[in-house]
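>>> Predicted model, plus sequence, below.
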Amino acid sequence: MDAIVSWQDGLQFTAAATSGHKITLDGDPAVGGTDLGARPLELMLMSLAGCTGMDVISILKKKRQDVTAFEVKTHAERAENHPKVFTAVTIEYIITGHNIDPKAVERAIDLSENAYCPAQAMLSQAVPIQHTYQIIEA
């Protein structure tokens, strides 16, 4: 797996990965950016949410859970001083559906956390990650 970022202007970069997909990165105008793309640490949170989200929805579908909507929200606390690393992360899973089994949700989250999601495995080595979920009846 490889990734490359190519400088465009100011703090704006175009990022490309092995898959060929591209995204724009940029900084906040307060630090010289033009706000035309996501910040690098935002991408870390999005990556974490996407990685665990793919695991959890896949597992819930295999467990024949009738999911009609699914969201994964991530929130990170950051250190006040540079390099302003994450100091705590919370992942919230919001599952909407019919008769969703809480035990199936808990098992899916556990499998993602402890077996399948490489983004979570790597980040958890550096920062504590807390998990919460809510089930909404459709």
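Noted; the coordinates are in hand. Numbers count the residues shown, from 1 in each chain.
>>> ok, and the closest non-adjacent residue to residue 11?
residue 27 (3.6 Å; Cβ to Cβ, 6 or more residues apart in numbering). Any C-beta I mention is one placed from the backbone N, CA and C, and that applies to glycine too.
>>> what about the one you found, distance to residue 51?
Distance of residue 27 to residue 51, given as Cβ to Cβ, to the nearest Å: 25 Å.
>>> go on, residue 111?
For residue 111, the distance to residue 51 - Cβ to Cβ - is 13 Å.
>>> between those two, who's got more neighbours?
For residue 111 versus residue 51, neighbours defined as other Cβ atoms under 10 Å are more numerous around residue 51 (20 against 16).
>>> from what I can see the more buried one touches residue 121, true?
No. The criterion here is Cβ atoms under 8 Å, and residue 51 misses it with residue 121 at 9.3 Å.
>>> Tell me which residues touch the residue nearest to residue 11, please.
10, 11, 12, 33, 34, 35, 39 (Cβ atoms under 8 Å, 6 or more residues apart in numbering).
>>> who does the third one bridge with?
In this structure, residue 12 has the following beta-bridge partners (DSSP bridges): residue 9.
>>> burial count for it?
Residue 12: 18 surrounding residues under other Cβ under 10 Å.
>>> cool, the first one as well?
When neighbours are defined as other Cβ under 10 Å, residue 10 has 14 of them.
>>> Contacts only, for it.
For residue 10, the contact set (Cβ under 8 Å, 6+ apart) comprises 26, 27, 32, 33, 34.
>>> How much space separates the second one from residue 124?
Using Cβ to Cβ, one gets 27 Å for the distance from residue 27 to residue 124.
>>> State the next helix or strand along the chain beyond the biggest helix by length in the chain.
Longest helix in the chain by number of residues, with DSSP state H as the criterion: helix 40-62. Using DSSP states H and E, the helix or strand that follows helix 40-62 in sequence is strand 66-78.
>>> tell me the angle that next one makes with helix 40-62.
150 degrees (axes from the mean of the first three to the mean of the last three Cα atoms, to 10 degrees).
>>> Return the list of helices and strands in contact with strand 66-78.
Contacts defined by 3 or more Cβ pairs under 8 Å, 6 or more residues apart in numbering; DSSP states H and E place strand 66-78 against helix 40-62, strand 86-98.
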